[in-house]
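Visitor: structure for this input, please:
(2 chains)
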Amino acid sequence: VKEIKRYNNSEILQGIQSHDKAVLNYIYSQFFETVSWYVVSKGGDKTAAYDVFQDALMAVYDRLQTSSLEISNSFETYFSGMCKHLWQMELRRQVKARQPADISQEEAFFPSYMEDTYDKEKESRMIQESFLKLSNDCQKLLMLQQQGHSQLEIAGIMGYTEAFARKKRFRCKEQLAELVKNHPYFKKE
Amino acid sequence: MEAAKNYEKRFELIEAYIHNELSNDDQELFDTLMRTDEDFKEDVEIQQQLAAELNKPDRLQFRAALQHAESIHRLETQISRFTLPRWVRYAAAIIIIGAVSSPLLYNMYKTSPKNLYEVYYESYESSSVNRGGMETTDFDRAMEAFDEEDFDVANNLFTTFLTENPENQAAAFYKGMCLMELEDAEGSVHYFERLILDANNLFVEQAQWYVSLAYLKLNTPDKAVPYIEELSAYPNPYREKALKLLDKLKRL
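Guide: Modelled structure (predicted):
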């Protein structure tokens, strides 16, 4: 039987920071079931549990980018606490969407700045997921444009004619807009 | 054609707005659209959000890594939870043991380079582009045919285009892909190896991956291994698949 390599807190945090696939697989294999059990027991389903799990990992990643993260107990305790918090935020968002008046009692627990951050993160995820669904060529092209390359340079790098690079860029943007508008997080005003 | 022009104008306006480069006339048009066209307003917000996300490429890469880890976990969970009644599992085990110990069946299902090619080969996806309304080149027409999976036509058009533009790397790559799709793995090798040798282009990893598959199809795994080893050695979109393929090739 193949023995599973175990990681300590600092190895896990380092692995998250460096996008280490082995560490990410380890986190999913070791901690997802607990989070899933909690989310399902609180009215969610497996898909919601996966969403919360990914959001929490992204939150840890963001914290690691801005400051050092000291975890006094196990990573599992810290991380599942974070997942629980995110699921509570999600439940609150759902209640608010259905019956805005019912939410006032809970206001003290989740101040509006947290809600704003939560909503912004959902938007960010929606754009990221839509972008990652684009073809490799579209992703490269849009990235090159964002890096400030001229249309001529992009055409040269991609091996396109300039006219084709221009058309393709707009078509990629149109495809992205369609993907975003069909994303479950997309809110119609 | 009108529709094509509209979306181009639309995104051109949005880009100019984001880069603060709107002319007075365009500013007026932009403001009117923002007031009257809800869809346009949404597109502006989406493109602004996209620009913000692309400014943080490390987060995008981390999201991709998370998606990958999640899909692996989903797959592993599905496999481990695929439980059948005990008697069915026993029966299946007996059949599998019997099959493995039978030389005939063993040979039938033994992994071969060609089998690995069948498992790992996937058509290369290029995003479809409506090219109406602009000056159209042979390359555009070839890409259009490629997108429509009309590989005979695309192959001929890429050949014509490459005669006049022999250094065009994208055309060389797609020409190779056309040949793969047309079951001419031997012909495709020339185009992929040319891109790998040149190295200074965006198609090196794609070319390494597909030339490996071409060699597997040609039943010459020894020629595929160096490319697969290289793809396994550093982060790239094919690394995960390359690692698995390498493992399987070592067991041949």
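Visitor: give me the distance from the helix or strand of chain A with the lowest mean pLDDT to the chain's centre.
Guide: Every helix and strand of chain A was ranked by mean pLDDT, DSSP states H and E. The lowest is helix A:112-133, at a mean of 85. Helix A:112-133 sits 7 Å away from the centroid of its parent chain (CA atoms, centre = their mean, to the nearest Å).
Visitor: how many other residues sit next to residue 37?
Guide: This is for chain A. When neighbours are defined as other CB atoms under 10 Å in any protein chain shown, residue A:37 has 12 of them. For every residue, glycine as well, the C-beta is placed using N, CA and C.
Visitor: oops, wrong one, chain B.
Guide: Neighbours of residue B:37 (other CB under 10 Å): 13.
Visitor: who's in contact with whichever residue of chain A sits closest to chain B?
Guide: Nearest residue of chain A to chain B: residue A:159, at 2.9 Å (CB to the nearest CB). By CB atoms under 8 Å, 6 or more residues apart in numbering or on different chains, residue A:159 lies in contact with B:168-171, B:173, B:201-203.
Visitor: try it again at 10 Å.
Guide: Applying CB atoms under 10 Å, 6 or more residues apart in numbering or on different chains, we find residue A:159 in contact with A:165, B:139, B:165, B:167-174, B:195, B:201-203.
Visitor: need the buried ones from these selected in PyMOL.
Guide: The buried subset of the contacts of residue A:159, as determined by 16 or more other CB atoms under 10 Å in any protein chain shown, is captured in PyMOL by this line:
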select buried, (chain A and resi 165) or (chain B and resi 139+165+168+169+170+171+172+173+174+195+201+202+203)
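Visitor: look up the closest residue to the residue of chain A closest to chain B, ignoring the ones flanking it.
Guide: Of all residues not flanking residue A:159 in the chain, residue B:170 sits nearest, at 2.9 Å (CB to CB, 6 or more residues apart in numbering or on different chains).
Visitor: I figured the one you found hits residue B:124, correct?
Guide: No - judged on CB atoms under 10 Å, residue B:170 makes no contact with residue B:124 at a distance of 11.6 Å.
Visitor: joint contacts of these two?
Guide: Taking CB under 10 Å, 6+ apart as the criterion, residue B:170 and residue B:124 both touch A:137, B:203.
Visitor: thinking again about what came up before, give me the helices and strands touching the least confident helix or strand of chain A, please.
Guide: Counting contacts by 3 or more CB pairs under 10 Å, 6 or more residues apart in numbering or on different chains; DSSP states H and E, helix A:112-133 packs against helix A:46-66, helix A:75-98, helix A:136-146, helix A:162-181, helix B:38-54, helix B:57-80.
Visitor: count of neighbours near residue B:54?
Guide: When neighbours are counted by other CB under 10 Å, residue B:54 registers 19.
Visitor: just give the closest residue to it, not the sequence neighbours.
Guide: residue A:146 (3.9 Å).
Visitor: that neighbour - how many residues pack around it?
Guide: Counted by other CB under 10 Å, the residues lying close to residue A:146 total 15.
Visitor: residue ranges with poor pLDDT in the stretch 1-150 of chain B?
Guide: Counting by pLDDT under 70, the stretch 1-150 of chain B contains low-confidence ranges at B:1-5, B:78-111, B:127-136.
Visitor: need the helices for it, in chain order.
Guide: B:2-18, B:24-36, B:38-54, B:57-80, B:86-101, B:103-109, B:113-120, B:138-147 (DSSP state H, counting those that start in this stretch).
Visitor: okay, those helices in JSON lines with distance to residue A:177 next?
Guide: Shown next, in JSON lines, are these (distance: least, CB to CB, whole Å):
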{"stretch": "helix B:2-18", "distance to residue A:177": "9"}
{"stretch": "helix B:24-36", "distance to residue A:177": "14"}
{"stretch": "helix B:38-54", "distance to residue A:177": "5"}
{"stretch": "helix B:57-80", "distance to residue A:177": "18"}
{"stretch": "helix B:86-101", "distance to residue A:177": "48"}
{"stretch": "helix B:103-109", "distance to residue A:177": "47"}
{"stretch": "helix B:113-120", "distance to residue A:177": "33"}
{"stretch": "helix B:138-147", "distance to residue A:177": "19"}
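Visitor: so the nearest residue to residue A:126 once chain neighbours are set aside: helix, strand or coil?
Guide: Nearest residue to residue A:126 in three dimensions, chain neighbours excluded: residue A:185, at 4.1 Å (CB to CB, 6+ apart). At residue A:185, secondary structure determined by DSSP: H, G, I helix; E, B strand; the rest coil is coil.
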